[in-house]
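>>> quick one, structure for this:
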Amino acid sequence: MAAGGGPRDGRFSLEQAKVIEFLSRPGTYDPAPAAVDRIETHASFVFLAGAFAYKIKREVKLPFLDFSTLQKRHQACLNEPRLNRRTAPDIYREVVPVTVDASGRLALRGQGEPVEWVLVMRRFGQENLFDRMAREGRLSLDAMHRTALAVAALHDAADRILTADQAVVPLEKIISEHEHVLQQAAGDVIPQAAADSLARRTRTAFERLKPLLMRRAATGFVRHCHGDLHLRNIVEIEGDPVLFDALEFDDSLATIDVLYDLAFLLMDLGKHGLGAYANAVLNGYLDNSDTGNLLGLAALPLFLSLRAVIRGKVELLRSQLAEPSQAKAARDEARDYFELALQFLEPEARRLIAVGGLSGTGKSTIARAMAPRIGAFPGRGHVRSDLERKRLFGVAPTDRLSATAYTQYVSDLVYVLCRKRAALVLEAGKWVIVDAVHARPHEREAIAAVAAEHGVPFTGLWFDAPGDVLEERVADRVGDVSDATPEVVREQLRYDLGEIGFARIDAGGSVEQVAERCLNRLKAESGSP
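Numbers count the residues shown, from 1 in each chain. Below you'll find the model as predicted:
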């Protein structure tokens, strides 16, 4: 392409090269920083200068993105703060021009003709980006829970698109594009057989799930979401996770099923080997979003696979833009993503696990430890009676309820809600763990009946520990969902439990030790956890 006509060799035009060089100079800024650091992606350049970051769109036209004209780049710059102020109002500042005067001199916020548009953002420490924290082992389960709440809040406030076609037409286009990319990569990046298998399984899963996807769209689960929710687009600021850099160049690509939006984050956590964290995000999100998302779990393997292919496609593009020394690493990353996408589509069996035991036996802690380690990624759903009770009364998980919330009538209702929630997860084709005291024989029989009604294997686990240990554990709790006290434990110890029927598990020792006992029991019953 001729100089001045647009992108050259897949990178950028001569005109944009001048802007990039200009924005890379400390003297461009007032006050001038000691140095300017540049970050480059397939879609943008970011210049870190002093307290601010200055972002321009790469002059490029791709199958899914068109920044080939100044007008389109300007519109994308305007879109970005509008969309991201939903979740990151303190990051996005203003859009300003790079101008050129009659003598050809460039200026930031100048009075001449605009030749590029710059999005000005508050700078944050790159060390606080979640992808870097993941690589360095600095993420925590608590951060994952808070991230799940942030995503759920975004989705709850997002605009609904009540059109059934919106659930399938865009995905149909994406899948067709993926089939083309996979054929291009076949024989070079991945084996032909793997490319064919991934394309075939994706198409089969999509056709099977179409009715569900259309129902979800018609009932409000297709919304204007983030659209690009991977770890590099989440940053910790003052201890809180902040979602930023939402997809800004095409609203239709971000108007998607909420679980498809969430799947990007789950997939990225899986790619980093953080399955337990992905499970924490999933269960945290499900606990704080519409119950209808439980049935939507049937589509999660497809959504995870599509997200992995998208990242693989981006890595292929990066390999084309990168220097030869970096191109191979990008192609290897693309291969890893394609292989991961195929793994997500492996079939899985359903199973219901119930854990029971008096307060303080560690039911919830062990259930959380087990959930990411059973079944397919990202592990199993976790239904907790304590949380269902708080939800029933419309209070925060750590708010304490009065004694009226613990009458037998209310407790019976809570157990019904737990069983209904478990049934929805099973109907979606997934494993589920139900965590409740299950002190009465009819409660244990009722949860086993849910498994029988759905034709799935059932395992009941009963946790045993000495009374003094239970009282000590409960007394030591701080900020827990459970309202149990040592007095409650003493009352429970007087229960007539009847014939337990569940497999009895010694709840003494560390969380890992008890979880291993449970997993070994599951393996003995089913052949694999």
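
>>> so Leu139 touches Met133, yeah?
Yes. With contact defined as Cβ atoms under 8 Å, Leu139 counts as touching Met133 (4.9 Å). To be clear about C-beta, it is placed using only N, CA and C from the backbone, and glycine gets the same treatment.

>>> looking at those two, which one has more neighbours?
Leu139 (23 against 19; other Cβ atoms under 10 Å).

>>> list the contacts for the nearest residue to Pro241 once chain neighbours are set aside?
Nearest residue to Pro241 in three dimensions, chain neighbours excluded: Thr147, at 4.4 Å (Cβ to Cβ, 6 or more residues apart in numbering). Taking Cβ atoms under 8 Å, 6 or more residues apart in numbering, we find Thr147 in contact with 130, 234, 241, 265, 281, 284.

>>> need the CA coordinates for the helix or strand the fifth one falls within. CSV is fine.
It stands for Val281. Using DSSP states H and E, Val281 sits in helix 275-287. Output of helix 275-287 as CSV, limited to C-alpha atoms (Å, rounded to 0.1, in the frame of the first residue of the first chain):
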residue,chain,number,x,y,z
GLY,A,275,-9.1,-23.8,37.8
ALA,A,276,-9.9,-23.2,41.4
TYR,A,277,-10.1,-19.5,40.8
ALA,A,278,-12.3,-20.0,37.7
ASN,A,279,-14.6,-22.2,39.8
ALA,A,280,-14.8,-19.4,42.5
VAL,A,281,-15.7,-16.8,39.9
LEU,A,282,-18.3,-19.1,38.3
ASN,A,283,-20.0,-19.9,41.6
GLY,A,284,-19.7,-16.3,42.9
TYR,A,285,-21.4,-15.1,39.7
LEU,A,286,-24.1,-17.7,39.8
ASP,A,287,-24.8,-16.9,43.5
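
>>> let's have the chain start at 33 instead
In the new count, where the first residue is 33, that last one comes out as helix 307-319.

>>> name the helices or strands packed onto the very next helix or strand once past it?
Counting by DSSP H and E, the element after helix 307-319 in chain order, helix or strand, is helix 324-328. For helix 324-328, the elements it packs on are helix 224-250, helix 290-303, helix 307-319, helix 440-459, judged by 3 or more Cβ pairs under 8 Å, 6 or more residues apart in numbering; DSSP states H and E.

>>> mind redoing it with 7 Å?
helix 440-459 (3 or more Cβ pairs under 7 Å, 6 or more residues apart in numbering; DSSP states H and E).

>>> and Ser172, how many neighbours?
A count of nearby residues for Ser172, using other Cβ under 10 Å, gives 13.

>>> Ala175 - nearest residue in space that isn't next to it in sequence?
Pro273 (6.1 Å).

>>> least trustworthy helix or strand in this structure by mean pLDDT?
Every helix and strand in the chain was compared by mean pLDDT, DSSP states H and E; the lowest is strand 93-94, with a mean of 88.

>>> break down the stretch 83-232 of the chain into its helices, ranges please.
For the stretch 83-232 of the chain, applying DSSP state H, counting those that start in this stretch gives helices covering 102-116, 162-167, 173-189, 197-217, 224-250.

>>> now the fourth one: buried residues?
Same thing as helix 197-217. Judged by neighbour count using 16 or more other Cβ atoms under 10 Å, the buried positions of helix 197-217 are 198-200, 202-203, 206-207, 210-211, 213-214, 217.

>>> next one: the last one
By neighbour count, and taking 16+ other Cβ under 10 Å as the criterion, the buried residues in helix 224-250 are 226-227, 230-231, 233-234, 237-238, 241, 244-246, 248-249.

>>> what angle do that helix and helix 290-303 make?
Per axes from the mean of the first three to the mean of the last three Cα atoms, to 10 degrees, the angle that helix 224-250 makes with helix 290-303 is 140 degrees.

>>> so Ala278 touches Arg117, yeah?
No. Between Ala278 and Arg117 there is no contact, the gap being 9.8 Å when judged by Cβ atoms under 7 Å.

>>> please identify which of these two sits among more neighbours.
It is Ala278, of Ala278 and Arg117, that has more neighbours when counted by other Cβ under 10 Å, with 24 against 14.

>>> which SS class is that one?
Following DSSP: H, G, I helix; E, B strand; the rest coil, Ala278 is assigned to coil.

>>> for this structure, which spans come out with low pLDDT?
Applying pLDDT under 70 to the chain flags residues 33-44, 559-561.

>>> kindly report the domain assignment for it.
Per automatic domain parsing, the domain ranges recorded for the chain read 46-155, 162-376, 384-558.

>>> okay, how far is it across the first one, tip to tip?
Using Cα to Cα, to the nearest Å, the span of domain 46-155 from its first residue to its last is 28 Å.

>>> tell me the contacts of the spatially most central residue of the chain?
Residue closest to the average C-alpha location in the chain (Cα atoms, centre = their mean): Leu297, at 3.0 Å. If you count contacts by Cβ atoms under 7 Å, 6 or more residues apart in numbering, Leu297 has them with 261-262, 313.

>>> rewinding a little: now, which of the contacts of Thr179 sits nearest Gly461?
Distance to Gly461 across the contacts of Thr179 (Cβ to Cβ) is lowest for Val313, with 20.0 Å.

>>> report the contact partners of the closest one.
Residues in contact with Val313 (Cβ under 7 Å, 6+ apart) are 176, 179-180, 297-298, 301.

>>> surely Leu327 touches Leu456?
Yes. Counting by Cβ under 7 Å, Leu327 does reach Leu456; the two are 5.5 Å apart.

>>> between the two, which has more neighbouring residues?
Neighbours were counted for Leu327 and for Leu456 using other Cβ under 10 Å; Leu456 has more, 20 against 17.

>>> correct me if wrong: that one contacts Leu326.
Yes. Using Cβ under 7 Å, Leu456 is in contact with Leu326, at 3.8 Å.

>>> quick one: the contacts of Thr179 as TSV, columns for distance to Asp538 too.
Formatted as TSV, the contacts of Thr179 follow (distance: Cβ to Cβ, whole Å):
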residue	distance to Asp538
Phe162	38
Ile266	39
Pro273	37
Leu297	36
Val313	31
Gly316	29
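
>>> identify the farthest-apart pair in those residues.
Greatest spatial distance in these: Phe162 and Gly316, 15.0 Å, computed using Cβ to Cβ.

>>> looking at the two now, which is surrounded by more residues?
Counted by other Cβ under 10 Å, Phe162 and Gly316 do not tie: Phe162 has more neighbours, with 27 against 21.

>>> circling back to that earlier point, could I get the buried residues of helix 197-217 as JSON lines with distance to Arg383?
Output for those, formatted as JSON lines (distance: Cβ to Cβ, whole Å):
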{"residue": "Gln198", "distance to Arg383": "34"}
{"residue": "Ala199", "distance to Arg383": "29"}
{"residue": "Val200", "distance to Arg383": "30"}
{"residue": "Pro202", "distance to Arg383": "33"}
{"residue": "Leu203", "distance to Arg383": "29"}
{"residue": "Ile206", "distance to Arg383": "32"}
{"residue": "Ile207", "distance to Arg383": "30"}
{"residue": "His210", "distance to Arg383": "31"}
{"residue": "Glu211", "distance to Arg383": "33"}
{"residue": "Val213", "distance to Arg383": "35"}
{"residue": "Leu214", "distance to Arg383": "32"}
{"residue": "Ala217", "distance to Arg383": "35"}
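
>>> that older thread, and which of the contacts of Val313 is nearest to Cys450?
Closest approach between those and Cys450, by Cβ to Cβ: Ala180, at 20.0 Å.

>>> list the contacts for the closest one?
When contacts are counted by Cβ under 7 Å, 6+ apart, Ala180 is found next to 313, 316-317, 320.
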